[in-house]
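Novice: I'd like to go over a predicted model; first the sequence, then the structure.
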Amino acid sequence: MDVQLTLDTILDRAVDMFPDRELVTKLPDGSVHRYTYADAHDRICQLAGALDEFGLDDGDRVGVVATNHYRHFELYFGPACSGRSIHMCNMRLPDHHFVHTVDDAEDRIIFVDPGLIEKVEATAADLDTVEQYVVLDDEVPETSLDPVTDYESFIEGHPTAYEWPDLDEDAEYGMCHTSGTTGLPKGVPYSHRAMYLHSLMCGHVDANGIGERDVVLPVVPMFHANGWGLPYAATFVGAKQVFPSVHTDPESIARLIADEEVTISAAVPTIWLEMAEFLDENPEVDISNIDRLTVGGSAPPESLIRKYDEEYDAPIIQGWGMTETSPLGTLSTLRKEAADLPPDEQYAYRAKAGLPVPGMETRVVDDDGEEVPHDGETMGELQVRSPWVTDHYHGRPEENEQSFTDDGYLRTGDIATRDEMGYIDVVDRDKDVIKSGGEWISSVQLENDLIAHEDVSEASVIAVDHERWQERPMAVVVPKGDADLTEDDLDDHLAETFPSWWLPDVYEFVDEIPKTSTGKFDKKTLRERFDVVLEADEGAQQ
């Protein structure tokens, strides 16, 4: 029987089987909002009706600028189940990138949190496709956005039942843009079929193993890469979900874990590094109900994995993925042969990117496109293929030709090894990309802007290690002539284009930047020369 794999069936199953299972949100004011899958379904139906009344056509996209909360959850399903598409907007992008993503998606409506209105206000004059703003609250604060209404008024009066249309599983249900590390962000479209299968995989015992008995806390932001798929996977199995909204500080997350009996959570390493410090200072806080913590965005140090094992009995599972992979690709679970090894060797495996999750095909190839030996030592480019890996970028034919092989593999640009047991170890990334606290910063764009300064002759930006944020940018600058150039001058210059957390933590003024044989800046030499680790109190993320 040809049954379409669509998101409305995921939602309907949760409502049919687990109508009273809770969805919990810690609201910005500190109060807690609770309702059920049945309650959420009624409001999702109202949202779909409101989109109809607005005149949103099949396939149209709505932009969402929001943290993790119950109204955002409703937007994960309302547009998609009624034949439209949710565009997950990353408010941490520089303004010109944010404008590009909205224009590229042709969003007709923007749903925005009250606390994030300033970001949208700052760019609204350039958002040519947007016809309506909806504030995700029960009232509209003072704002220059126009026309604007609040979410509760937008959905009010619409029926709490809705007949979902016959959806094509290959139709787009959502879009997320990459972080623009090598140019303007690229739109990655997701199909219903892709997310349906991704959700099934997340529940697999050899992946995240999410089941209806779990309590799921996605700290990873829902505004990027499907919240790593957790809201959909948890809904599929009817698990209780907990949303932190703006409360992503260590104490709030720890209290939520303890109070709501959370069993699985996911976040970038910075969250769990800060959590460890908090737990050391507050030993009375008990997070022993946590069964596993998924870490992505950048690799957690092995010492952190050991600490959570030994002190909190909360195993950390590292994951690797990309916006293009929906995003889960590998997880550092232990297969039987690895689990039988001595503890030190087990930790070495758990510090790798891990095993491809069920359904994900991987290969590591050399410059000639040939697979490298599975010896855990020979490096090559990691390429991946699966039903939930996108097969194209939105409106970017030149990128499609460069990024996908003739047999359907995505060229990730990551340098990796693969061993005889199938473990992938990502040993290097594109040298131009800096991963700070799980967010990406483009060194190339910073370099271009630095070089545009009238008193700069040359500039190169590299990543340096940071105790808290894993990586932070360092700028190596050659001033022009006798120019009296200061760090403040360059910070002020960059701040005109980039958010504060993109700005370099360290500037080094030099007479010359080393070059490669092809005339490029020799970043390998710079990394060796400036091999430093910044302390936790140096620099700032956001």
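Specialist: Perfect, thanks for sending it.
Novice: hey, let's count contacts and neighbours off CA atoms from now on
Specialist: Fine.
Novice: quick check: end-to-end length of stretch 390-398?
Specialist: Across stretch 390-398, the terminal residues are separated by 15 Å (Cα to Cα, to the nearest Å).
Novice: and that stretch, what's buried?
Specialist: Buried positions in stretch 390-398, judged by neighbour count with 16 or more other Cα atoms under 10 Å: 390-394.
Novice: quick one: distance of it to the chain centre.
Specialist: 19 Å (Cα atoms, centre = their mean, to the nearest Å).
Novice: do stretch 92-100 as well
Specialist: The answer for stretch 92-100 is 16 Å, by Cα atoms, centre = their mean.
Novice: what comes up buried for that stretch?
Specialist: 92-95, 97-100.
Novice: using JSON lines, lay out those together with pLDDT and secondary structure.
Specialist: Output for those, formatted as JSON lines (pLDDT from 0 to 100; DSSP: H, G, I helix; E, B strand; the rest coil):
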{"residue": "Arg92", "pLDDT": "86", "secondary structure": "coil"}
{"residue": "Leu93", "pLDDT": "88", "secondary structure": "coil"}
{"residue": "Pro94", "pLDDT": "87", "secondary structure": "coil"}
{"residue": "Asp95", "pLDDT": "93", "secondary structure": "helix"}
{"residue": "His97", "pLDDT": "92", "secondary structure": "helix"}
{"residue": "Phe98", "pLDDT": "95", "secondary structure": "helix"}
{"residue": "Val99", "pLDDT": "97", "secondary structure": "helix"}
{"residue": "His100", "pLDDT": "96", "secondary structure": "helix"}
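Novice: is it possible to export those residues to a markdown table including distance to Phe509?
Specialist: Supplementary listing: these in a markdown table, determined by distance: Cα to Cα, whole Å:
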| residue | distance to Phe509 |
| --- | --- |
| Arg92 | 29 |
| Leu93 | 28 |
| Pro94 | 26 |
| Asp95 | 29 |
| His97 | 29 |
| Phe98 | 32 |
| Val99 | 34 |
| His100 | 33 |
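Novice: now, among those, which is nearest to Leu304?
Specialist: For those, the closest approach to Leu304 (Cα to Cα) belongs to Arg92, at 26.6 Å.
Novice: look up how far Asp449 lies from the closest one.
Specialist: With Cα to Cα as the criterion, Arg92 and Asp449 are 19 Å apart.
Novice: go on, Asp128?
Specialist: With Cα to Cα as the criterion, Asp128 and Asp449 are 26 Å apart.
Novice: of those two, who's got more company?
Specialist: A direct count of neighbours by other Cα atoms under 10 Å for Asp128 and Asp449 places Asp449 higher, at 18 against 13.
Novice: tell me what the host helix or strand of that one is packed against?
Specialist: Assessed by DSSP states H and E, Asp449 sits inside helix 443-451. Applying 3 or more Cα pairs under 8 Å, 6 or more residues apart in numbering; DSSP states H and E, one finds that helix 443-451 contacts strand 456-466, helix 487-495.
Novice: how about it: buried residues?
Specialist: Those would be 443-447, 449-451, for helix 443-451 by 16+ other Cα under 10 Å.
Novice: between the buried residues of stretch 390-398, which is closest to Ile155?
Specialist: His394 (30.0 Å).
Novice: got the contact list for the closest one?
Specialist: For His394, the contact set (Cα atoms under 8 Å, 6 or more residues apart in numbering) comprises 186-189.
Novice: just the ones of those in strands?
Specialist: Residues of the contacts of His394 located in strands (DSSP state E): 187-189.
Novice: toward the C-terminus, what is the element adjacent to the lengthiest helix in the chain?
Specialist: When the chain is parsed with DSSP state H, its longest helix is helix 37-54. Remark: after helix 37-54, the chain's next helix or strand is strand 61-65, criterion DSSP H and E.
Novice: next, the angle helix 37-54 makes with that following strand.
Specialist: 120 degrees (axes from the mean of the first three to the mean of the last three Cα atoms, to 10 degrees).
Novice: before we move on, back to that, what's the helix holding Asp449 in contact with?
Specialist: Counting by Cα under 8 Å, 6+ apart, 181-183, 432-434, 456-462, 473, 475, 490, 493-494 sit against helix 443-451.
Novice: show me how to select, in ChimeraX, the buried members of those residues.
Specialist: With 16+ other Cα under 10 Å as the criterion, this ChimeraX line picks the buried residues out of these:
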select :181,182,432,433,434,456,457,458,459,460,461,462,473,475,490,493,494
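Novice: roughly how far does the nearest residue to Thr248 once chain neighbours are set aside sit from Ile271?
Specialist: Leaving aside its sequence neighbours, Thr248 sits nearest to Val219 (Cα to Cα, 6 or more residues apart in numbering; 6.9 Å). With distances taken as Cα to Cα, Val219 is found 9 Å from Ile271.
Novice: which neighbours do those two have in common?
Specialist: Thr248.
Novice: quick one: furthest residue from the center of the protein?
Specialist: Computed with Cα atoms, centre = their mean, the maximum C-alpha offset from the centroid of the chain is found at Asp482, amounting to 43.6 Å.
Novice: check whether it sits in a helix, strand or coil.
Specialist: coil (DSSP: H, G, I helix; E, B strand; the rest coil).
Novice: for Trp320, same thing?
Specialist: strand.
Novice: tell me the secondary structure at the nearest residue to it once chain neighbours are set aside.
Specialist: What sits nearest to Trp320 in space, not counting adjacent residues and going by Cα to Cα, 6+ apart, is Thr330, at 5.1 Å. In three-state terms, and counting by three-state DSSP, Thr330 is strand.
Novice: distance of Thr333 from Ala233?
Specialist: With Cα to Cα as the criterion, Thr333 and Ala233 are 18 Å apart.
Novice: so Ala239 sits right up against Val216, yeah?
Specialist: Yes - contact criterion Cα atoms under 8 Å: Ala239 and Val216 qualify, at 6.9 Å.
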